[in-house]
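In: kindly return the folded structure for what I paste below:
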Amino acid sequence: MPILEPVVSRVAADIVAFDLWPVTTSDTGWLSLHGGMTSAEIGMAVWSLLFHSPPTRDDLIVPETPEAAFRLLAGFDTLYAPGGLLLSDPMTGVVIEPGCCCDLFEWRDWLGALRGEPIDLGHSPGPEVEYRGQVLRVWTDGGDGAPPSPDRKYVDVDRAALPELLQTAQRDLIDLLRVAQGWANEIAPGQGAGLAAALDAGLQISEPLAL
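Out: Just a heads-up that it's a prediction; the model follows:
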């Protein structure tokens, strides 16, 4: 069965100096969000949200303390960071990555597939969603108006299986809240519950899915 997993982009180390807490040293690849993340991975996920959520990059002033950083995050109605739900098929090895300008907070947009609605998965390469009866076919590219590449691949998802896939992705995000709370309490004692609440509200994590 295909897999839907929440992912977020990392912030390259040479973009902005950051030393409020440890973060992963890798600047490439998606960061999967789940309950088994290391402290450095959680740190990178929170830093990515902190870096990308201001209206413009010029608006970001890195706070002087973790407590101030957590308060800043809590002040955003919506938390932004490039990412979303990454779709993969372990049988074929095909991976459908979120496209450019697709944000993690949009992960619930996948619910529209249950009703056959268009889904914007970003552009460049612009994953394309095609409905074939009870099958949701997601192409690696071709959905942003550009001609499809001749070697593009796809992942087929049975629409009857989609609710379970989305519930699994939501559980991963809920597990993120749990580990992020413990992580924050180690970084700044007493701040864990507030950070978890800010992540929950800004990414609409625990709200029941409209399945």
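
In: what are the boundaries of the helices in this structure?
Out: With DSSP state H, the ranges of helices along the chain come out as 39-52, 66-74, 162-187, 192-203.

In: okay, angle between the last one and helix 66-74 too, please.
Out: Calculated by axes from the mean of the first three to the mean of the last three CA atoms, to 10 degrees, helix 192-203 forms an angle of 30 degrees with helix 66-74.

In: residues in contact with helix 192-203?
Out: 46, 49, 53, 70-71, 73-74, 76-79, 104-105, 107, 173, 176-178, 180-185, 205-206 (CB atoms under 8 Å, 6 or more residues apart in numbering). Every residue, glycine included, has its C-beta placed from N, CA and C.

In: list only buried entries from these.
Out: Taking 16 or more other CB atoms under 10 Å as the criterion, what is buried in the contacts of helix 192-203 is 46, 49, 53, 70, 73-74, 76, 79, 104-105, 107, 173, 176-177, 180-181, 183-184, 205.

In: ok, back up a step: distance to Val11 added to the helices of the chain, as JSON lines?
Out: Below are the helices of the chain laid out as JSON lines (distance: least, CB to CB, whole Å):
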{"stretch": "helix 39-52", "distance to Val11": "5"}
{"stretch": "helix 66-74", "distance to Val11": "13"}
{"stretch": "helix 162-187", "distance to Val11": "17"}
{"stretch": "helix 192-203", "distance to Val11": "17"}
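
In: ok, Ala201 to Gly75 distance?
Out: Separation of Ala201 from Gly75 (CB to CB, to the nearest Å) stands at 11 Å.
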